[in-house]
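K.L.:
compute the structure for the input listed below.
(chains A and B)
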Amino acid sequence: MITEHTESPEPYGAPVSRAGAGSKIELQTVTKIFGDGPMAKLVVEECSFTLEPGQVTVMVGPSGCGKSCIAFLIAGYERPTKGKIVLDGKAVGGPSWDRLVVFQESALLPWLTTYENIMFGPKARGFNKKEAQDRATGLLERVGLRDFRDKYPPQLSGGMQRRAELARALINDPKVMILDEPFRGLDHMTRGLMQEYCGTLFEEASRTTLFITTDIDEAIFLADRLLIMSSLPTRVHDVIEVDLPRPRVRQEVLLDPHANQIKERALGILHEEALKAFAGGSKASADFIDAYMKRREGPEA
Amino acid sequence: MKRKMAGGSALLRGIIGTALFIGLWQVGTSLDSWTGVSLPIVAQLPPPSSVLDAFLPLIRSHGFWSSAYLSFVRVFWGFMAAMVIGIPFGLLMAVNRTAKAICFPVFEILRPIPPLAWVPAAIIFWPAPELSITFVTFLGAFFTVVINTVGGAEQIDRRFLLAAQSMGADKRTIFRRVLLPATLPSIATGAVVGMGITWQVVVAAEMISGGGQGATTGGGGGLGFLIWNSYLGGAIPKVVVGMIVLGVLGYASSTIVRIMSTKLMPWNRAI
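P.N.:
Below you'll find the predicted structure:
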């Protein structure tokens, strides 16, 4: 992938506007229905949005509103019932390493060491070359896991596991990275540190990123744009540009008056949607998972 | 260091437990001659001392060793065949829906049949009695190995498969580097349980079938046959010796299987 890097590679010299470099993903009136007949469940309804090249788009919405479903659609695990998903002008097919997903909780393979986990992608595609090995070593260094190269995932702390997972995704140099609530389950302190870490990572290299979260502070700190999602069936309720200068410092963003204006506005919408989701029964998320599992029996996904 | 100490004290406790058991057994069987009070059931057992008396000449006899060896060989081949056929079969049913739809009903009908119910049929099927006993031993482990393999493979965390797909792994890579290692712990459990069952089955099969080749050539006929013959001859201490030897061999073989499975899964030791 050739991108025109308009910014200096130096982490703290990045300009505010980061648009222009990288790949572009468009969802064009995407609808997703699970099952059919009386069992049909409408999860995503005529949802359209764009992930702008090189930008971090953060999706927030009430829990169980089908955000993960959209991540699965972009990744190619699921096909839209109606509508199209377009990557750089071409409709996307099945799962591919140009649209990588970092999952909720850790999905590191427990039987591989940190290094082997990071090398999984290149090795699976037959790129077990010196170049890939050097990159893996470099990434280990960058995520601060050099001394944990040959440890197995259970020997790492929660925060280390998420960093290893980021490295495992980054080595594939995907066009689009999808992070589905990657910090869920971490304690408050570690979560804060991981947000700062991720912020730096996003600022160092511009990559089209979709970040899904339910935490509004996390969303505003990391985002170039916020997508506020409606309750089920999911569509984009509102788009808010987060025009805070970069590099950002988490503590400053938390206190910044403009950031707080954005937060107020987003929370207003979210509250309304959360009430709807609540009234509609918190069954929403359970239904999504049920429908999904029913369609995928047997391990060959 | 700490772990080593824990291992040492575990061994010590094991020895204390065994000694206590033998002591209670001696007291239970000798209570009648000491105090005139006879305990129900326990008093019918030969005391450890007379078992030891029976043990010493027995281990010097050729028949005993060849019996133990025969039983071991039957267990070994039965177990190996169960692993070699059972694991691929289980994996096939786990990854291929068509294969499972075809094989699983037959498998589930055959599974509840106790291995011992197979003995008469096995004697008729197989040309040599040796093969029939090994076959029944094989059945004992086979169903357990298959069920554990299928169950383990189907319980895999779906995110592992999705993540591997997303990183560009094809079906073969996913099978080799994701599905297989994820299933290994269940396969190991199946192997340990299956190993226990083979010992149970081999003894009963030897009793029913009359000991196979060894019985006619004076080779001993296996531990099950040895126990049964000693019982018919009224040599009860010898029966108990046979039981104890079976227990020790069963324990040893399960331990070997367990150690081998730990070696195969280094990540499981990483806590």
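
K.L.:
any idea how far stretch A:132-141 is from the middle of the chain?
P.N.:
Stretch A:132-141 has its C-alpha centroid displaced from the chain centroid by 22 Å (Cα atoms, centre = their mean, to the nearest Å).

K.L.:
same question for stretch A:56-65.
P.N.:
10 Å.

K.L.:
all helices of chain B, in order?
P.N.:
B:2-35, B:48-59, B:62-95, B:97-110, B:119-125, B:129-154, B:158-166, B:171-174, B:180-209, B:213-217, B:223-232, B:236-264 (DSSP state H).

K.L.:
pick the most buried one from those.
P.N.:
helix B:129-154 (a mean of 24; mean count of other Cβ atoms under 10 Å in any protein chain shown). The C-beta positions use only the backbone N, C-alpha and C, and glycine is treated the same way.

K.L.:
from the chain's centre, how far out does that helix sit?
P.N.:
Using Cα atoms, centre = their mean, the offset of helix B:129-154 from its chain centre is 11 Å.

K.L.:
and residue A:226, what pLDDT?
P.N.:
You'll see residue A:226 listed with a pLDDT of 84.

K.L.:
picking up where we left off before, and the helices of chain B as CSV, adding mean pLDDT and distance to residue A:153?
P.N.:
What follows is the helices of chain B, written out as CSV (pLDDT from 0 to 100; distance: least, Cβ to Cβ, whole Å):
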stretch, mean pLDDT, distance to residue A:153
helix B:2-35, 79, 22
helix B:48-59, 83, 50
helix B:62-95, 90, 24
helix B:97-110, 90, 30
helix B:119-125, 86, 46
helix B:129-154, 90, 19
helix B:158-166, 87, 11
helix B:171-174, 87, 18
helix B:180-209, 89, 13
helix B:213-217, 57, 51
helix B:223-232, 85, 45
helix B:236-264, 88, 18
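
K.L.:
give the contact list for residue 258.
P.N.:
As the question left the chain open, I've gone with chain A. Contact analysis of residue A:258 by Cβ atoms under 8 Å, 6 or more residues apart in numbering or on different chains lists residue A:244.

K.L.:
right idea, wrong chain: chain B
P.N.:
Neighbouring residues of residue B:258 by Cβ under 8 Å, 6+ apart: B:188, B:192.

K.L.:
that older thread, go through the helices of chain B and name the closest to residue A:271.
P.N.:
Closest of those to residue A:271 is helix B:158-166, at 31.0 Å (criterion: Cβ to Cβ).

K.L.:
and the angle for the closest one with helix B:180-209?
P.N.:
Counting by axes from the mean of the first three to the mean of the last three Cα atoms, to 10 degrees, helix B:158-166 lies at 130 degrees to helix B:180-209.

K.L.:
quick one: helix B:158-166 near chain A?
P.N.:
Yes - counting by Cβ under 8 Å from any Cβ of the partner chain, chain A is contacted by helix B:158-166 at B:158, B:159, B:160, B:161, B:162, B:163, B:164, B:165, B:166.

K.L.:
and those residues, which two are the farthest apart?
P.N.:
Taking Cβ to Cβ, no two of these sit farther apart than B:158 and B:166, at 12.3 Å.

K.L.:
once you drop chain neighbours, what's closest to residue A:132?
P.N.:
residue A:122 (3.9 Å; Cβ to Cβ, 6 or more residues apart in numbering or on different chains).

K.L.:
closest one to residue A:172 among the helices of chain B?
P.N.:
Of all the helices of chain B, helix B:158-166 sits nearest to residue A:172, with 8.7 Å by Cβ to Cβ.

K.L.:
from the rest of the structure, what touches stretch B:100-114?
P.N.:
Residues contacting stretch B:100-114 (Cβ under 8 Å, 6+ apart): A:298, B:89, B:92, B:93, B:94, B:143, B:146, B:147, B:150.

K.L.:
distance of the residue nearest to residue B:119 when sequence neighbours are not counted from residue A:35?
P.N.:
Spatial nearest neighbour of residue B:119, excluding adjacent residues (Cβ to Cβ, 6+ apart): residue B:208 at 4.9 Å. Distance of residue B:208 to residue A:35, computed by Cβ to Cβ, to the nearest Å: 54 Å.

K.L.:
again, but for residue A:183
P.N.:
Taken as Cβ to Cβ, the span from residue A:183 to residue A:35 is 32 Å.

K.L.:
so which residues on the stretch 1-150 of chain A come close to chain B?
P.N.:
Residues of the stretch 1-150 of chain A lying close to chain B by Cβ under 8 Å from any Cβ are A:75, A:77, A:94-97, A:99-101, A:103, A:105, A:107, A:109-112, A:120-121, A:124-125.

K.L.:
now the residues you listed: which count as buried?
P.N.:
Neighbour-count burial (16 or more other Cβ atoms under 10 Å in any protein chain shown) is assigned, among those, to A:75, A:77, A:95-97, A:99-101, A:103, A:105, A:107, A:109-112, A:120-121, A:124-125.

K.L.:
from the residues you listed, which land in helices?
P.N.:
Filtering those for helices - DSSP H - leaves A:75, A:120, A:121, A:124.

K.L.:
re earlier: burial count for the residue nearest to residue A:132?
P.N.:
Burial of residue A:122 is recorded as 22 neighbouring residues (other Cβ atoms under 10 Å in any protein chain shown).

K.L.:
among the buried ones among the residues of the stretch 1-150 of chain A next to chain B, which are located in strands?
P.N.:
Residues of these located in strands (DSSP state E): A:99, A:100, A:101.

K.L.:
let's have these in JSON lines, adding pLDDT.
P.N.:
Shown next, in JSON lines, are these (pLDDT from 0 to 100):
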{"residue": "A:99", "pLDDT": "84"}
{"residue": "A:100", "pLDDT": "85"}
{"residue": "A:101", "pLDDT": "84"}
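
K.L.:
now residue B:61: phi and psi?
P.N.:
phi -90, psi 150 (degrees, to the nearest 10).

K.L.:
residues in contact with it?
P.N.:
For residue B:61, the contact set (Cβ under 8 Å, 6+ apart) is empty.

K.L.:
ok, the residue nearest to residue B:126 when sequence neighbours are not counted to chain A distance?
P.N.:
Take residue B:126 and drop its neighbours on the chain: the residue closest to it by Cβ to Cβ, 6+ apart is residue B:132, 4.4 Å away. Separation of residue B:132 from chain A (Cβ to the nearest Cβ, to the nearest Å): 37 Å.

K.L.:
ok, the residue nearest to residue A:132 touching residue A:139?
P.N.:
No - judged on Cβ atoms under 8 Å, residue A:122 makes no contact with residue A:139 at a distance of 11.1 Å.

K.L.:
contact partners for the residue most central in space within chain B?
P.N.:
Residue closest to the mean C-alpha point of chain B, counted by Cα atoms, centre = their mean, is residue B:196 at 2.2 Å. Residues in contact with residue B:196 (Cβ under 8 Å, 6+ apart) are B:250, B:254.

K.L.:
distance of the residue positioned nearest the centre of chain A relative to chain B?
P.N.:
With distances taken as Cα atoms, centre = their mean, the residue of chain A nearest its centroid is residue A:179 (2.0 Å). Using Cβ to the nearest Cβ, we find residue A:179 at a distance of 12 Å from chain B.

K.L.:
show me what from chain B comes close to chain A.
P.N.:
Counting by Cβ under 8 Å from any Cβ, the residues of chain B that sit close to chain A are B:94-95, B:97, B:100, B:153-154, B:156-171, B:173, B:177-179, B:181-182, B:184, B:265-267, B:270-271.

K.L.:
where does the nearest residue to residue A:93 once chain neighbours are set aside land on pLDDT?
P.N.:
Excluding its sequence neighbours, the residue lying closest to residue A:93 (Cβ to Cβ, 6+ apart) is residue A:76, at 6.0 Å. Looking at residue A:76, its pLDDT is 82.

K.L.:
got the contact list for residue A:76?
P.N.:
Here residue A:76 is in contact with A:92, A:93, A:94, A:95, A:96, A:99 (Cβ under 8 Å, 6+ apart).

K.L.:
can you give me the strands for the stretch 51-200 of chain A?
P.N.:
Here the stretch 51-200 of chain A has its strands, by DSSP state E, counting those that start in this stretch, at A:56-60, A:82-87, A:90-91, A:99-102, A:176-180.
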